[in-house]
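[1] the sequence isn't on hand, but the structure is:
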């Protein structure tokens, strides 16, 4: 079983930047995704990456502002978030998927971290 621990969240002003980290331990899988959930809203896809660095994809709402990457030596996946907007405020979750093909659906992800809060003030 894989364990995922997110970190790097916090409070930032609009236009600022944060970098989220997701440290994986235990049995690891090949596909990793970032999701977020704002109060009163459903969990939504943000970005995903294959452990090889392939199959990178972003939600339209973050494209051009967020960058996903991984460090295999550290078993860590990152989400660099630039030009943050108040609508980016949410709890951000890291997750892994065992599906053989890329997926953006939360139900296709099997293990989840505890989440890290990102708050963007206007």
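    Looks like it arrived, so ask away. From a predicted model like this one, the values you see are computed outputs, not experimental measurements.
[2] the spatially most central residue of the chain bridge partners, please.
    A centroid search over the chain (CA atoms, centre = their mean) returns residue 34, at 2.2 Å, as the residue closest to the centre. Taking DSSP bridges as the rule, residue 34 bridges to residue 47, residue 94.
[3] what about it, distance to residue 92?
    Relative to residue 92, residue 34 is positioned 6 Å away (criterion: CB to CB, to the nearest Å). All C-beta atoms are positioned from the backbone trio N, CA, C, and that covers glycine.
[4] spit out the residues that contact the two alike.
    Contact criterion CB atoms under 8 Å, 6 or more residues apart in numbering; residues shared by residue 34 and residue 92: 20, 46, 79.
[5] could you give the separation of whichever strand or helix holds the first one from the chain centroid?
    With elements delineated by DSSP states H and E, residue 20 resides in strand 18-26, which encompasses its position. Centroid separation for strand 18-26 versus its chain: 9 Å, with CA atoms, centre = their mean, to the nearest Å.
[6] report the residue spans of the chain with pLDDT below the cut-off.
    Scanning the chain for pLDDT under 70 picks out the ranges 28.
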